[in-house]
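coords below, sequence missing:
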Ligand SMILES: C[S@@+](CC[C@H](N)C(=O)[O-])C[C@H]1O[C@@H](n2cnc3c(N)ncnc32)[C@H](O)[C@@H]1O
């Protein structure tokens, strides 16, 4: 069976909560004695997960130079994709979603997952075709967020956007040339934020399906932002306005 590593408290705690059976072992920096480490160890013990105390050099090697905060876990089994209905049916607050319309660079996908996690997004939605898959590069760039943010792949993105609208989720498309400035725009609480592909931006049908298009004002000479940066700006503005 395939196994993979995840790093850091947030990702491992989420895994312990959502899918403890997949955790094969947790390696903990033997020098970490703080409350956060003790809490994680207590949960892991309760779930019967094997604990290994290691020196920080071993953890550094496992993380390949990435951040690990003194905890690395080995997971078994294939990565599970989420189902949109499952995500939406279990929400206890207005939906907050990120939609990627054909982002093809796995590093951008990973960076979008990372920013989605940081902003508290409920799920990231992307089309199955002509888009980056959740490969090792994307997972590594996501810094643990590939394990914490539900990732939904759909066959027909425009149809999915219509389904979101039927559920009264407001679909906000983002494009540099949109007339409405993000900071002047208004939207309801339940939102899906749509980001376009690196080269072409959103596809025509995606753009036409959106309830509203907004742009992030640009103050320098470059024409557009990297998609993950634009996602961060929009999601954190939306997060700031959620009550
Ligand atoms: C590199 S940009 C694509 C640029 C593309 N030439 C276009 O016309 O949209 C990738 C995505 O980031 C988002 N983005 C980048 N800059 C933006 C801005 N100033 N305002 C709104 N969205 C932006 C949009 O979702 C865009 O589709």
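Now that the structure is in, tell me what you want to look at. These figures come from a predicted structure and were not determined experimentally. Residues are numbered from 1 along each chain as shown.

nearest residue to residue 242 other than its sequence neighbours?
Using C-beta to C-beta, 6 or more residues apart in numbering and skipping the chain neighbours, the partner closest in space to residue 242 is residue 189 (6.2 Å). For every residue, glycine as well, the C-beta is placed using N, CA and C.

So the one you found sits against residue 94, correct?
Yes - with contact defined as C-beta atoms under 8 Å, residue 189 reaches residue 94; the gap is 3.8 Å.

Give me the common contacts of the two.
When C-beta atoms under 8 Å, 6 or more residues apart in numbering defines a contact, the residues bordering residue 189 and residue 94 alike are residue 242.

quick one on the thing from earlier: secondary structure class for the residue nearest to residue 242?
Using DSSP: H, G, I helix; E, B strand; the rest coil, the three-state assignment for residue 189 comes out as coil.

what about it, neighbour count?
A count of nearby residues for residue 189, using other C-beta atoms under 10 Å, gives 14.

Roughly how far does it sit from the ligand?
21 Å (C-beta to the nearest ligand atom, to the nearest Å).

ditto for residue 34
According to C-beta to the nearest ligand atom, residue 34 and the ligand sit 39 Å apart.

mind showing which ranges of the chain have poor pLDDT?
The model of the chain has pLDDT under 70 over residues 1, 243.

Closest to the centroid, which residue in it?
Most central in the chain under C-alpha atoms, centre = their mean is residue 113, positioned 2.7 Å from the mean C-alpha point.

what about the helix or strand containing it, distance to the chain center?
Under the assignment given by DSSP states H and E, the secondary-structure element containing residue 113 is helix 106-119. Mean C-alpha position of helix 106-119 versus that of the full chain (C-alpha atoms, centre = their mean, to the nearest Å) differs by 5 Å.

Quick one: check that helix for contact with the ligand.
No - using C-beta under 6 Å from any ligand atom, no contact is recorded between helix 106-119 and the ligand, whose separation bottoms out at 8.5 Å.

which outside residues touch whatever helix or strand comes next after that helix?
Moving toward the C-terminus from helix 106-119, the first helix or strand encountered (DSSP H and E) is strand 123-127. Outside of strand 123-127, the residues within contact range by C-beta under 8 Å, 6+ apart are 82, 84, 87, 97-103, 109, 112-113, 116, 132, 149-157, 160, 192.

got it, and stretch 163-176?
Outside of stretch 163-176, the residues that reach it under the criterion C-beta under 8 Å, 6+ apart are 84, 88, 95, 97, 99, 161, 182, 185, 187-188, 190-196, 201-202, 206-207, 209-216, 218, 223-225, 230, 234.
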